[in-house]
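Trainee: Here's my sequence, what's the structure:
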Amino acid sequence: MIFVKNKTFFSKIIFLLNFAILALTGLCYLLSNYHLEKLSSFSVLIIFLPIFLCINFLFFIYWIIKLDIRFIFSFLVLLVYVDKPISFFKTDETVDDQRGLQVMSYNVRLFNHYNWIKDSSVRNKIKTFVNDNKPDFIAVQEFHDDYRELMNDFKYSHIDLKEGNVGLAIFGNSKMINKGDVVSSDKRKIAIYVDFVYKKDTLRLYNSHFKSYNINPLSFKPNKETFKNVLNKTKLVYKIQNDECSILIDHMKKSPYSLMLAIDLNNTSDSFVYKKINDLFFDSYVQTGFEFGATYDFSFLPIRIDYIFYSKLIKANTYQIHNVKLSDHKPISVFFNI
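Mentor: Okay, the predicted model is just below:
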């Protein structure tokens, strides 16, 4: 089989499109693996990396069918991301079926306070869902204090509220022997945490919610002003998220106990902030996940932005993304062997 370079006008147009996707994929790779402030305005592109990879695969097939040597470009890119499917589908036949300490993480979207979902029973359905699953601890992001009674079945709690009675909360059934907050130098709340005793071990559970890009591609107006605003906003959020990440990691590294981190990262597993955390702690999904890895519907693209990480000396047995649509996020839960 001999590969040649097709020189028709149509093939040149196709290759220009291929090259554009290659460039975007390469940019995503750089932003995923390196802290690049000068390119941070484009960091939101990382969310679309799965689409870029799919398009690269189509170009690869196209050039192969045409017996055109230019298949090599997309092939090399796909080779770099050969383990990428793990972020979307993961099977692990060795998952231990033992149960243990169950930790749940759930962004409840203010318990539907502003009626985004046209169902007045959403709040009670969230309560029923949580009670039916019986987590030992639940870390709640976008908690609204008007609905604190929905979590009254838990014995202990640590709640931190900002303006509008909104914030982070941890509820549990094991006594919390210590509670604390992770705060930046300018008094921004990065996370909350609790220390508790499980069996004979003292453990720490963090709950965090990073700054959101708040970008909806379906609402874009194709003009210069919109594009400029998106770039400026993306650059700002990139910096904030990296600052939040550094502060949180520094605090977790000083923890005297084995720990778990429940977090709405507002970024994917291809992001630099994810890489910084994952370099030091274990992502429970990667270790034990066995299903479609989407926790949030970003316009037309399902993505995974909710995580439960953990440190050494803890083992994640089972992981689950719960397929309930009571928020814009899906709850996740992990059983840990301590």
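Trainee: what's the residue lying closest to Lys239 once chain neighbours are set aside sitting at in phi/psi?
Mentor: Nearest residue to Lys239, sequence neighbours excluded (C-beta to C-beta, 6 or more residues apart in numbering): Ser40, at 6.7 Å. Every C-beta, even on glycine, is put in place using the N, C-alpha and C of the backbone. Ser40 adopts backbone torsions of phi -60, psi -20, taken as degrees, to the nearest 10.
Trainee: Ser40 touches Lys233, doesn't it?
Mentor: No. Counting by C-beta atoms under 8 Å, Ser40 sits too far from Lys233 to count as a contact (10.9 Å).
Trainee: between these two, which one's more packed in?
Mentor: Ser40 (20 against 15; other C-beta atoms under 10 Å).
Trainee: Lys239 and His251: what is the separation?
Mentor: 19 Å (C-beta to C-beta, to the nearest Å).
Trainee: Looking at those two, which is more packed in?
Mentor: Each of Lys239 and His251 has its neighbours counted (other C-beta under 10 Å); His251 has more, 18 against 14.
Trainee: tell me which strands and helices the host helix or strand of that one is in contact with?
Mentor: Element membership of His251, judged by DSSP states H and E, is helix 224-253. Contact here means 3 or more C-beta pairs under 8 Å, 6 or more residues apart in numbering; DSSP states H and E; on that basis helix 224-253 packs against strand 176-183, strand 189-198, strand 201-209, strand 258-264, helix 272-278.
Trainee: What ranges in the protein fall below the confidence cut-off?
Mentor: In the prediction, the chain carries residues with pLDDT under 70 at positions 1-6, 83-98, 217-221, 289-292, 299.
Trainee: go again using 50 as the cut-off
Mentor: 86, 91-97 (pLDDT under 50).
Trainee: residues touching the residue nearest the centre of the chain, list them.
Mentor: Compute the mean C-alpha point of the chain, and by C-alpha atoms, centre = their mean the closest residue is Ile305, 1.8 Å away. By C-beta atoms under 8 Å, 6 or more residues apart in numbering, Ile305 lies in contact with 264-268, 295-296, 329.
Trainee: Show me which of those is closest to Phe111.
Mentor: Closest approach between the contacts of Ile305 and Phe111, by C-beta to C-beta: His329, at 12.5 Å.
Trainee: Quick check: nearest residue in space to the closest one, chain neighbours excluded?
Mentor: Nearest to His329 is Asn107, by C-beta to C-beta, 6+ apart, at 3.9 Å.
Trainee: Can you name the residues bridging to the one you found?
Mentor: Per DSSP bridges, the residues bridged to Asn107 are Gln141.
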